[in-house]
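> Make a model of this:
(chains A, B, C and D)
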Protein chains: 2
Amino acid sequence: MQQRSEETQARILEAAIRRFSISGYNGASVDEICAEAGVSKGAFYHHFSTKQAVFLALLNGWLGTIDTGLKAVRQETVPQTLMQMTSMLTVIFASADDRLPMFLEFWLQASREDAVYQAMIAPYRYFADYFTSLIKTGIAEGSLKEVDPEIIAQAILSIAIGTLLQGLLDPDRTNWSRVAEQSIQALLAGVIKS
Amino acid sequence: MQQRSEETQARILEAAIRRFSISGYNGASVDEICAEAGVSKGAFYHHFSTKQAVFLALLNGWLGTIDTGLKAVRQETVPQTLMQMTSMLTVIFASADDRLPMFLEFWLQASREDAVYQAMIAPYRYFADYFTSLIKTGIAEGSLKEVDPEIIAQAILSIAIGTLLQGLLDPDRTNWSRVAEQSIQALLAGVIKS
DNA sequence: TAAAAGATACCGACTGGTCGGTATCTTTTA
DNA sequence: TAAAAGATACCGACCAGTCGGTATCTTTTA
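Residues are numbered from 1 along each chain as shown, chains lettered A, B, ... in the order given. Below you'll find the predicted structure:
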């Protein structure tokens, strides 16, 4: 019995991500999503309480895969791990192209609702902390100089985010994932103990 | 004669920036802006052809002041100039807090219209180019190592943008303008010829 | 120089359309 | 046959932009 139900739900989710990434969160209407999913509005609201709920489901799915991906990257030393993560950026860039604009848009308007804001800020903080502790580990294991861990972690994060955004803004200006990699390497060059 | 007209226009602009920064571009209705400006809808559309036109006027004003500010900063050597710009970040951070979200939101939805997209991408490119040439000058004058100018310029820009965005996302996490300054200094440390 | 003519600024009711969500009815499933 | 799933018509709120008309200036004219 859940067979059909699950399929419908999956179709709605797939249609939603397609419409959202094309037209944005506000730009994609529920009717549009239903049409693309080949599903009635009644079915839509049978499976999801609001448009926002569909979006949040999509967001959590994406965060989950990123988290899994990051935890999978663990090399012997911290610099090696960071380099590995840097080269992961190319993949992240590719998937961000579709998703990032809609998440950004949603965040910009949802940040005024406290509940949604908390749901979005938690994973960010989790990741930023994880990154800082990675730098600390590097200092402890002696592979990194005695820098301020928070500053360096933030610098790397900022480069990643800043490059991501510029890549969105002006995709054809340059090879953005290469710029991101080399920028981080330029920063790391002054931090790695050799 | 234009006296009254200019005052009305100014009032609309002021009200618009207030409403836009509180409710966002889509969230702020023209009626709302008119109410706050103490002006009728007719007056609004007498002075501006569309809601978008008001917004663009606001954007250009902001870009103008930033441009003026940047050109005013010119020290003897490029590293000194960069340091000076870095300390300007605190001021930019303050003014961005209000404006950046609405500009981001607008850009996200306007980037689908080619005309508006061009209007927004031009100043960005102009600034990015200006920055790259600044690094080139530094190399030419011998104050910077022989690095890839584009990469370093992008890295600095990315740090600025990335920090700005994180400051928006999680304002209370840390002192963001300090993080930005120190991140850029960490990067420059490896690039300055001493 | 004052009245007429014209231009500019402004007013606010109204329109056409959109969209998220609901109510109600029908079909499928177990 | 009852409950889950799905279809369809509809509601109410919102909103950008229009339009016919009025008020307030500026310029021309006699």
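> Can you give me the buried ones in the helix or strand harbouring A:Tyr124?
Per DSSP states H and E, A:Tyr124 falls inside helix A:114-140. Judged by neighbour count using 16 or more other Cβ atoms under 10 Å in any protein chain shown, the buried positions of helix A:114-140 are A:116, A:120, A:123-124, A:128, A:131-132, A:134-136, A:138-139. C-beta here means a position set from N, CA and C on the backbone, and glycine is covered the same way.
> how about it, does it reach chain B?
Yes - with Cβ under 8 Å from any Cβ of the partner chain as the criterion, chain B is reached by helix A:114-140 at A:120-121, A:124-125, A:128.
> Just give me the least confident of the buried residues of helix A:114-140.
For the buried residues of helix A:114-140, the weakest pLDDT value sits at A:Val116, with 81.
> Is DNA strand C within reach of the longest helix along chain A?
Taking DSSP state H as the criterion, chain A has its longest helix at helix A:78-110. No - Helix A:78-110 stays clear of DNA strand C (Cβ under 7 Å from any atom of the strand), getting no nearer than 12.0 Å.
> Quickly find the element holding the spatially most central residue of chain A.
Centroid-nearest residue in chain A: A:Leu63, 6.0 Å away (criterion: Cα atoms, centre = their mean). In the assignment (DSSP H and E), A:Leu63 maps to helix A:51-72.
> Quick one: list the elements packing against that helix.
helix A:2-27, helix A:78-110, helix A:114-140 (3 or more Cβ pairs under 8 Å, 6 or more residues apart in numbering or on different chains; DSSP states H and E).
> just to revisit the earlier point, please name the residues that touch the residue nearest to the centre of chain A.
For A:Leu63, the contacting residues are A:Pro123, by Cβ atoms under 8 Å, 6 or more residues apart in numbering or on different chains.
> which strands and helices sit next to the worst-scoring helix or strand of chain A on mean pLDDT?
One helix or strand of chain A scores below all others by mean pLDDT, DSSP states H and E: helix A:78-110, with a mean of 85. For helix A:78-110, the elements it packs on are helix A:2-27, helix A:51-72, helix A:114-140, helix A:149-169, helix A:176-189, helix B:2-27, helix B:78-110, judged by 3+ Cβ pairs under 8 Å, 6+ apart.
> Flag every buried residue along that helix.
Of the residues in helix A:78-110, A:78-79, A:81-83, A:85-86, A:88-89, A:92-93, A:96, A:100-110 count as buried by neighbour count, 16+ other Cβ under 10 Å.
> quick check: angle from that helix to helix A:149-169?
On the basis of axes from the mean of the first three to the mean of the last three Cα atoms, to 10 degrees, helix A:78-110 is oriented at 60 degrees to helix A:149-169.
> does any part of helix A:78-110 sit near DNA strand D?
No - Helix A:78-110 does not reach DNA strand D (Cβ under 7 Å from any atom of the strand); its nearest approach is 12.4 Å.
> where does A:Ala140 sit relative to chain B, distance-wise?
Distance of A:Ala140 to chain B, computed by Cβ to the nearest Cβ, to the nearest Å: 19 Å.
> now swap in A:Glu146 and tell me
Look at A:Glu146 and chain B: by Cβ to the nearest Cβ, they are 13 Å apart.
> Over to A:Gln80?
20 Å.
> again, but for A:Pro171
Using Cβ to the nearest Cβ, A:Pro171 is found at 10 Å from chain B.
> looking at this, that residue is in a strand?
No - going by DSSP: H, G, I helix; E, B strand; the rest coil, the assignment for A:Pro171 is coil, not a strand.
> dump the residue contacts of the residue nearest to it when sequence neighbours are not counted.
Once flanking residues are discounted, A:Pro171 sits nearest to A:Asp97: 7.7 Å by Cβ to Cβ, 6 or more residues apart in numbering or on different chains. By Cβ under 8 Å, 6+ apart, the contact set of A:Asp97 is A:167-168, A:171.
> filter those residues to the buried ones?
A:167-168.
> Which of the contacts of A:Asp97 sits closest to A:Gln52?
A:Leu168 (22.9 Å; Cβ to Cβ).
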